[in-house]
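# need a structure here:
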Amino acid sequence: MKPFLEIRNLTKAYDSPDGDHVDQIFSGLCLKVQTGTSLALVGPSGSGKSTLLNLVSGLDMPTAGEVFVEEKKVHEMSPDEAARFRNRVIGFIFQAHHLLPALTALENVMVPALAGHGGANGKALEDRAYQLLKEVGLGHRAYHLPSQLSGGENQRVAVARALVNQPQLLLADEPTGSLDSRNANILMELLIRLGSEYKTTMLVATHSVFQAKRMNEVWSFEGGSLTQMNS
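Numbers count the residues shown, from 1 in each chain. Predicted coordinates for the structure are as follows:
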């Protein structure tokens, strides 16, 4: 069976600020992920977890190597193709939320679907967005602005936004990092349930080994290499 996601010999390096040397984040990474698999990436800050998620989504360009999603080369798409691909296929939970400050929580959740790739619009889209907010415990905060919500509440809005298009691939960068243990557990249970229901493939970068072990696979990201752990 062809993998849904395949990473081949992926390398990422940056020129140092003074230009004297190259800082290599990782080199020669290889990974295959089947459809519907939930995979956790664990490792210390700076190990490359967020960088890898950005490369998989096409938000960043590799120094070398290739990323395939649905057998399509992510980094050979035109900018317009890449934007449509991300909107249609990928849901991204950013560590820093990136909510639009002038929009309510409900409106923020609806934003990715406004391009028309989510299969819902109008009242059906509003209902889906509101249901997702209810599922992350924020139905009563649907009409609040991000500035009126706590950091943890904003993170849960970001999770609902990432799920509104029912993505085939969910990339999550520390999705429970700003949540207490109770809400972190609720959120991970939601992601796992929806992932199973919609056969969503998930890559979750996390510092929490406890949460990581709830995934199908756990990979340790340290020293520029990936090593599979017993989940």
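# what residues are up against Phe94?
Counting by C-beta atoms under 8 Å, 6 or more residues apart in numbering, Phe94 makes contact with 158, 173. In this view, the C-beta of every residue, glycine as well, is placed from N, C-alpha and C.
# which residues of the chain fall in strands?
Assignment of strands within the chain using DSSP state E yields the ranges 5-15, 22-33, 38-42, 64-69, 72-73, 90-93, 169-173, 201-206, 217-222, 225-229.
# quick one: least confident helix or strand in the chain?
helix 181-198 (a mean of 83; mean pLDDT, DSSP states H and E).
# can I get that one in CSV? Just the C-alpha atoms.
What follows is the C-alpha trace of helix 181-198 in CSV, where atoms were taken according to Å, rounded to 0.1, in the frame of the first residue of the first chain:
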residue,chain,number,x,y,z
SER,A,181,-4.2,18.4,32.1
ARG,A,182,-8.0,18.0,32.1
ASN,A,183,-8.5,20.1,28.9
ALA,A,184,-5.4,18.6,27.3
ASN,A,185,-6.9,15.1,27.8
ILE,A,186,-10.3,16.3,26.4
LEU,A,187,-8.6,17.8,23.4
MET,A,188,-6.5,14.8,22.6
GLU,A,189,-9.5,12.5,22.9
LEU,A,190,-11.3,14.7,20.5
LEU,A,191,-8.4,14.7,18.0
ILE,A,192,-8.1,10.9,18.2
ARG,A,193,-11.8,10.3,17.9
LEU,A,194,-12.2,12.6,14.9
GLY,A,195,-9.1,11.2,13.3
SER,A,196,-10.5,7.7,13.5
GLU,A,197,-13.9,8.8,12.3
TYR,A,198,-12.6,10.6,9.2
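# give the buried residues for it.
Applying a neighbour-count criterion of 16 or more other C-beta atoms under 10 Å, one finds 183-184, 186-188, 190-192, 194-195 buried in helix 181-198.
# packing partners for that helix?
Using 3 or more C-beta pairs under 8 Å, 6 or more residues apart in numbering; DSSP states H and E as the contact criterion, the neighbours of helix 181-198 among helices and strands are strand 38-42, helix 151-163, strand 169-173, strand 201-206.
# about what we covered before: relative to Gln148, which of the buried residues of helix 181-198 is nearest.
Proximity to Gln148 was ranked across the buried residues of helix 181-198 by C-beta to C-beta; first place goes to Asn183, at 17.9 Å.
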